Structure formats: structure tokens, C-alpha cells
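1. Give the three-dimensional model of this entry:
(one chain, ligands or ions: 1)
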Amino acid sequence: MRQVGYTFPGWPPVVQGVDWDVGEGEFHCLVGRSGCGKTTLLKLAAGLLHPDQGHITFQDAELRAPGPRLGFVFQSPTLLEWHRVLDNVLLPVSLQHRPTPAETERAQQLLAQLGLAAHAGHYPRQLSGGQQSRVALARALILEPALLLLDEPFAALDAITREELQDDLLHMCRERRTTVLFVTHDIAEAVYLADRVAVMDAGRIVEHIGVDLPRPRGAATRTSEGFVHRCAQVRLAMHMDMVAA
Ligand SMILES: Nc1ncnc2c1ncn2[C@@H]1O[C@H](COP(=O)(O)OP(=O)(O)OP(=O)(O)O)[C@@H](O)[C@H]1O
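-> Numbering: from 1, shown residues only. Okay, here's the model as predicted:
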């Protein structure tokens, strides 16, 4: 992104002067206070909104090509209640053509990887919140997106389920070398997941913080000195030290 800006008509600018480079296969988290413009920036990245200043370019040939090479996971799972879990996962395929046996097999594999093999024939209302979030993740991955965009996908979950899903997400994305932009207001979540954390304030990215903690990450990461140090660095960039004072 180069000098990207966006203004809703009749309102002050929501995103201003954003420069953001995301390398192929990297995991970037975007943190910031409520209302600072994170979702709007993610929608710009997804092409759901178009910048009225600056530009966004994809160097990855797959993303430049036409077609759905981009996956999106929203804060609520947004599953279709009248479709079974397997059909929800296959929805992006069904919108294009009747799923082939190979695609159905792939959906089943994704569900199995996310611990949901036994739930393929269930309806969303028969699942817990965490299970529904996993289905939404499988649906976003079914077309093997080169870029995955997630907007606070685990915000409504309890702490343990959330940590499990963070590990699932990391594992699935590393395996596929998916490039990820993940919006959260949870600093620990951002540091645990990311290669880089972008800190946003009042429509601008005020700092990009590299997170060089070793991978694969796990329980030991969350209590390591490096992790605590990086969290403190992000807090400082968000001026949360002043709030605490
Ligand atoms: N359709 C709209 N029209 C006018 N203003 C909008 C519209 N959508 C969002 N805004 C404003 O843009 C600003 C940024 O909103 P955005 O949803 O991007 O913030 P956010 O950082 O994702 O917030 P949160 O963490 O609470 O989800 C807010 O002040 C919001 O009121």
C-alpha cells in the first residue's frame, strides 16, 4: 500500500497516508483502538472499498489474476444456517460450479484438520461458537487463497478456545504459505501470531514492529521474555502506558 487514504462521503478521513508492505507468506497483524480504521483498511485490502488516495498493488501474480484468490473471515462466523457444515465450507466453490468429488474431499480434509470431521453433516446451530469459527476458517481456505484477511475472527471466543484457534490458524497458514492480514485489538494475540505488527492510530499506521520470536510458536512462547518484551513495545506504540498511568 502506498499513501492509501479513504474517506466516507461527508465524514472526516478514516484512513490516511498508509504505507504497508506485506511479503509473500508473511503473517501481519493490525492492532489499534476501536474506531481507528482497522476494518476499513482491511476492506480496502480486500477490494471491498477502493482507496480515494494512493494505491494498493499485488506483486503476487496469483492475486493480480482474476478470480477469488483472497479469503475473508469476519468477526462473526456468518454461516448459512440452512446449510450443513460441509456445504458451508464448500460455499465458495458452489457459487462457481457444482463441487467435484475432489473438492468435497478437500473440504472434508480441512474439517478433519480443524477437528470437525464428525460435524460435517451438522447444521451451524448444532455447533459451539469455536466450532463455528473453525468452519468459517475452513470456508475461507477452501479455494486456497494466496491472501487471507481476518477481522477479529476470534473476538467472541473464550481464552482457551481462542488460543487453540490461533494455533490452528498458524499451522494451516504456514503449511500453505498463505499471506495473512489479521485485525485484532488484542496485543498478546497479535504478537503471538505475527511476523510483524502494524499499530494503527486515528487512521494512520504509526509503527511497524517486527516479531522475531522463534517458530513454531506454542505455550512456551506466551511466557517467554521476548514475548513479554514485544507486547510491551506494542503497548507503548499504542500509548497504553499512558492509559495505565
Ligand atoms: N459506512 C460508514 N460511514 C461513515 N463512517 C463510517 C462508516 N463505517 C465506518 N465509519 C467510521 O470509520 C471509523 C473507522 O471505522 P472502522 O470500522 O474501520 O474502525 P475499527 O478500527 O475497525 O473499529 P473496531 O475495532 O471498533 O471494529 C469509525 O469512526 C467509524 O465510525
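2. Those residues of this structure touching the ligand, which are they?
-> Counting by C-beta under 6 Å from any ligand atom, the chain comes close to the ligand at F8, W11, V14, G32, S34, G35, C36, G37, K38, T39, T40, H185. (Glycine included, C-beta is placed from N, CA and C.)
3. mind listing which of these are in strands?
-> In this view, the residues of the chain next to the ligand that belong to strands under DSSP state E are G32.
4. how does the chain divide into domains?
-> Following automatic domain parsing, one gets these domains for the chain: 2-69+146-244, 82-144.
5. can those domains go into TSV with extra columns for mean pLDDT?
-> Converted to TSV, those look like this (pLDDT from 0 to 100):
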stretch	mean pLDDT
domain 2-69+146-244	91
domain 82-144	95
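6. Those into TSV, with extra columns for mean neighbour count?
-> Formatted as TSV, those follow (neighbours: other C-beta atoms under 10 Å):
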stretch	mean neighbour count
domain 2-69+146-244	17
domain 82-144	18
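7. Could you take those domains and lay them out as CSV, with extra columns for distance to Q75?
-> CSV is the format used below for the domains of the chain (distance: least, C-beta to C-beta, whole Å):
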stretch, distance to Q75
domain 2-69+146-244, 5
domain 82-144, 10
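8. Quick one: closest of those domains to S76.
-> Closest to S76 of the domains of the chain is domain 2-69+146-244 (C-beta to C-beta; 7.0 Å).
9. part of a helix, is V22?
-> No. Assigned with DSSP: H, G, I helix; E, B strand; the rest coil, V22 falls outside any helix and is coil.
10. That one is in contact with A194, isn't it?
-> No. If you go by C-beta atoms under 8 Å, V22 and A194 don't touch, sitting 11.0 Å apart.
11. shared neighbours, those two?
-> Listed contacts common to V22 and A194 are H28; contacts here mean C-beta atoms under 8 Å, 6 or more residues apart in numbering.
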